[in-house]
Structures are given as C-alpha cells and as structure tokens.
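K.L.:
Test case, fold it:
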Amino acid sequence: MPLEFSSSDDAPSREHVFGVLTDDACREILAALEEPRTVADTADAIGRPLSTTYRKLDRLTEAGLVRETVGVGRSRNRKSRYVTDFERVAIGLDDDRSLRVEVEGSSDPLVGLWTQDS
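P.N.:
Modelled structure (predicted):
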C-alpha cells in the first residue's frame, strides 16, 4: 500500500525524501541494507566512518526509508540493527502539477526481525 507524503505532520516531507535519495552515502547505505546490519557492519560495507554512517542512518530513518530494530543476541546485549523498510519510491506530478512522493512500504512482515549476534 503506497504512503503519500504530503502535508501530514507525521510524514516526512518530500524535500526530506529527495534529500536522502540525492545523497551518495544514503544511497550506498540503502544498497547495503539487504539484511539487518549494525551501524558498524554498515560502515564497513560502505567504507565510511561510523560518525557519517550514524548521521546518514538517522536521516534515512526520519525519511521513512529505513527502520531501526532492537533485539537481544546470544550475548544478551541489546543491539540496534537497521534494515530498509520500503519496496518502491515513486515521484510524480498530481493533477494540479504539484510534486508527489509515494513510498511503498515493505510487504514482508519479518523485515528487521533478528535474534542473534553475528
């Protein structure tokens, strides 16, 4: 089911979604998050510093494109992992020629589910 980002206070603005999609590091992170990853694993996968990776993951989460999941691993430590939370992003024009951003959320109910440390 598509989510239309318009004037709702709780939905990310289209500018926010555009901003993360035009950011090279954000796109690299999206490509790397085929499965849930910790921040450190994500930083290693994209070859960027942890500080940059944290900042970009925050932006992606705020834009509704990534979800943070928290679980307990074998060591019983709580650890956050991140995973993409969409299937498709569409950008188009409404009948009144204003821009519209639609994000189709993930249809997999197990997105982000994990139970053990790697």
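
K.L.:
Now do the SS call for the closest residue to Leu57 other than its chain neighbours.
P.N.:
By the measure of Cβ to Cβ, 6 or more residues apart in numbering, the closest residue to Leu57 outside its immediate chain neighbours is Tyr82, 5.5 Å from it. Yep, even glycine has a C-beta here, placed from its N, CA and C like the rest. Per DSSP: H, G, I helix; E, B strand; the rest coil, the local secondary structure of Tyr82 is strand.

K.L.:
Tell me the bridge partners for Tyr82.
P.N.:
Bridge pairing for Tyr82 (DSSP bridges) gives the partners Arg37, Glu68.

K.L.:
who's in contact with it?
P.N.:
By Cβ atoms under 8 Å, 6 or more residues apart in numbering, Tyr82 lies in contact with 29, 33, 36-39, 42, 57, 60-61, 66-69.

K.L.:
Would you mind checking those residues for buried ones?
P.N.:
29, 33, 36-37, 39, 42, 57, 60-61, 66-68 (16 or more other Cβ atoms under 10 Å).

K.L.:
Just put the residues you listed in a markdown table and tack on pLDDT.
P.N.:
Output for these, formatted as a markdown table (pLDDT from 0 to 100):
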| residue | pLDDT |
| --- | --- |
| Ile29 | 97 |
| Leu33 | 93 |
| Pro36 | 90 |
| Arg37 | 94 |
| Val39 | 95 |
| Thr42 | 97 |
| Leu57 | 97 |
| Leu60 | 95 |
| Thr61 | 93 |
| Val66 | 93 |
| Arg67 | 91 |
| Glu68 | 91 |
